[in-house]
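Novice: Sequence unavailable; structure follows:
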């Protein structure tokens, strides 16, 4: 019984120490914020940077070349297309196929035109 109580006490003290450290970090961050606001009072009203940066971000993404543009466009199209279901009868490399395992080929239109 005494070992369990000692373990729970050490756990409680560790949790309390962690909370104290977190409180000190939060206090330090707030103190730094107060210092910065005192040093730069004109920046406290704006949130999110300069107007120039905001305008550039609103224009949209710029691409280095047409390849980057086409790759981004293809990613968008791939997200919209549903994935095709694979056939369950399809052989996927479990064994070496024999001519009897392969499906019959469709007759070629070119071969029938040449024969006739």
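Specialist: Now that the structure is in, tell me what you want to look at. For clarity, every value in this text was computed on a predicted model and none was experimentally measured. Numbers count the residues shown, from 1 in each chain.
Novice: so how far is the host helix or strand of residue 6 off the chain centroid?
Specialist: Applying DSSP states H and E as the criterion places residue 6 in helix 2-39. Distance of helix 2-39 from its chain centroid, counting by C-alpha atoms, centre = their mean, to the nearest Å, is 32 Å.
Novice: Over to stretch 32-45?
Specialist: Counting by C-alpha atoms, centre = their mean, stretch 32-45 comes out at 34 Å from the chain centroid.
Novice: What residues does residue 73 make contact with?
Specialist: Contact analysis of residue 73 by C-beta atoms under 8 Å, 6 or more residues apart in numbering lists nothing. No exception for glycine: its C-beta is placed from N, CA and C like everyone else's.
Novice: Which elements pack onto the helix holding residue 6?
Specialist: Helices and strands touching helix 2-39, by 3 or more C-beta pairs under 8 Å, 6 or more residues apart in numbering; DSSP states H and E: there are none.
Novice: average pLDDT for that helix?
Specialist: For helix 2-39, mean pLDDT is 84.
Novice: Tell me, how many residues neighbour residue 63?
Specialist: Residues lying near residue 63 (other C-beta atoms under 10 Å) number 13.
Novice: Then the one 3 residues further on?
Specialist: For residue 66, the neighbour count with other C-beta under 10 Å is 8.
Novice: Likewise for the one 4 residues further on?
Specialist: Residues within reach of residue 70, counting by other C-beta under 10 Å, total 11.
Novice: give me the element it is part of.
Specialist: Here residue 70 is assigned to helix 66-80, by DSSP H and E.
Novice: Also residue 105?
Specialist: For residue 105, there is no enclosing helix or strand under DSSP H and E.
Novice: What does the pLDDT read for it?
Specialist: Residue 105 is given a pLDDT of 82.
Novice: where does it sit relative to residue 99, distance-wise?
Specialist: Using C-beta to C-beta, to the nearest Å, residue 105 is found at 11 Å from residue 99.
Novice: swap in residue 70?
Specialist: The value you get for residue 70 to residue 99, if C-beta to C-beta is used, is 42 Å.
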